[in-house]
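Engineer: Model the structure of this input:
(one chain, ligands or ions: 2)
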Amino acid sequence: MTAPLLEITSLSKYFGGNAAVSDVSFSVEKQRIVGLIGPNGSGKTTLFNCITGYYPAASGRVRFCGCDITGMKPDRVCRLGMVRTWQRVKPLAGLNVLENVMTGAFCRTRSASEARKIALHRLEMLGLDNVAQKTAGDLPIGLKKKLELARALATGPKLLLLDEVCGGLNFTETQELLEIIRGIREKGTAVVFIEHDMKAVTGLCDRIVVLKSGEKLAEGLPSEITSNPAVIAAYLGTGYSHA
Ligand code: ADP
Ligand code: MG
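Structural biologist: Numbering: from 1, shown residues only. Ligands and ions are numbered 1, 2, ... in the order given. A predicted model of the protein is given here:
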């Protein structure tokens, strides 16, 4: 059996005395989409921060593409092929949209014309080509979310970590983005998908990991997760219906 693309083992992270992430383990296979859900404050974003090297973990290991990347800095992790988007979008506000996406492409090339080519392709994919020259800071939130995704994709990832990328989008924009994410997977990129919209999560994800107070509460197929009494009690609520 081939090793998983990403393998997290017993990862923990504390802020002061509080365990934001506590002894969490799970794996992501190539070309899979794994949902990461849980109440606000359950440690989802912190887990992304630790996996990508933005925060050092207190303990545990992270393996990616067969390498131990525990403690590795985000720029090196990105060059290895793992990139994340930010729940609170972080555009380079003074640069235009095209330039923002080019910064992602410079992870793979030193040539400005090559970076521009990659960036234009990603903008087209996301339907942002008509705002390429707009100042990023002036975009509405829906387009900023798409820009965040375009810039991450421009780094050429094998694994994409998406932190509430559909947050702030309307129904049509969400559907459009879910189709784009399916297309990304078809082309060979695996995804970890943090999202509260359970219809989006169950429709998109092969497997789901549930966090509660920093700990892994459950892991399984969407149908297993949505019928799991502990998950219903901790997160989905008794009114939740999988139908
Ligand atoms: P989620 O993304 O699931 O909403 P977070 O990972 O943002 O959860 O937060 C998990 C816990 O860690 C929360 O209690 C939060 O207040 C705390 N936390 C997150 N980031 C920091 C930080 N930089 N400093 C202190 N506490 C933090
Ligand atoms: Mg979060």
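Engineer: Stretch 169-185 - what's its average pLDDT?
Structural biologist: If you average the pLDDT over stretch 169-185, you get 93.
Engineer: Pull the residues that contact that stretch.
Structural biologist: Applying CB atoms under 8 Å, 6 or more residues apart in numbering, the contact partners of stretch 169-185 are 31-33, 125-127, 142, 145-146, 149, 153, 160, 162, 165-166, 191, 193, 197, 200, 203-204. C-beta: built from backbone N, CA, C; applies to glycine.
Engineer: Run the chain-centre distance for it.
Structural biologist: Its chain's average C-alpha position is 14 Å from that of stretch 169-185, according to CA atoms, centre = their mean, to the nearest Å.
Engineer: Can you give me the buried ones in that stretch?
Structural biologist: 169, 173-174, 176-178, 180-181, 184-185 (16 or more other CB atoms under 10 Å).
Engineer: Stretch 107-118 now?
Structural biologist: Neighbour-count burial for stretch 107-118, counted by 16+ other CB under 10 Å, picks out 107, 115-116, 118.
Engineer: now stretch 88-96
Structural biologist: For stretch 88-96, by 16+ other CB under 10 Å, it's 89, 91, 96.
Engineer: Phi first, then psi, for the last one.
Structural biologist: When quoted as degrees, to the nearest 10, the phi and psi of residue 96 stand at phi -80, psi 170.
Engineer: Which of the three states applies to the spatially closest residue to residue 208 that is not a sequence neighbour?
Structural biologist: Once flanking residues are discounted, residue 208 sits nearest to residue 35: 4.0 Å by CB to CB, 6 or more residues apart in numbering. Assigned with DSSP: H, G, I helix; E, B strand; the rest coil, residue 35 falls in the strand class.
Engineer: do the same with residue 219
Structural biologist: Under three-state DSSP, the three-state class of residue 219 is strand.
Engineer: who's it bridged to?
Structural biologist: With beta bridges defined as DSSP bridges, residue 219 has these partners: residue 209.
Engineer: Tell me how many other residues surround it.
Structural biologist: Look at residue 219: counted by other CB atoms under 10 Å, it has 16 neighbours.
Engineer: which of the contacts of stretch 169-185 count as buried?
Structural biologist: 31-33, 125-126, 142, 145-146, 149, 153, 160, 162, 165-166, 191, 193, 197, 200, 204.
Engineer: Any stretches of the chain with poor pLDDT?
Structural biologist: Residues of the chain meeting the criterion pLDDT under 70: 1, 241-243.
Engineer: remind me, longest helix of it?
Structural biologist: The single longest helix within the chain, with elements called by DSSP state H, is helix 171-186.
Engineer: Can you check what angle separates that one from strand 33-37?
Structural biologist: Here the directions of helix 171-186 and strand 33-37 differ by 130 degrees (axes from the mean of the first three to the mean of the last three CA atoms, to 10 degrees).
Engineer: any idea where the helices of this structure begin and end?
Structural biologist: All helices of the chain, identified by DSSP H, fall at 44-51, 74-80, 97-105, 112-125, 141-153, 171-186, 198-204, 222-226, 229-231.
Engineer: ok, residue 81 - contacts?
Structural biologist: Contact analysis of residue 81 by CB under 8 Å, 6+ apart lists 64-65, 156-159.
Engineer: how does it look with 6 Å?
Structural biologist: Going by CB atoms under 6 Å, 6 or more residues apart in numbering, residue 81 touches 157-158.
Engineer: Please report how far it lies from residue 157.
Structural biologist: 5 Å (CB to CB, to the nearest Å).
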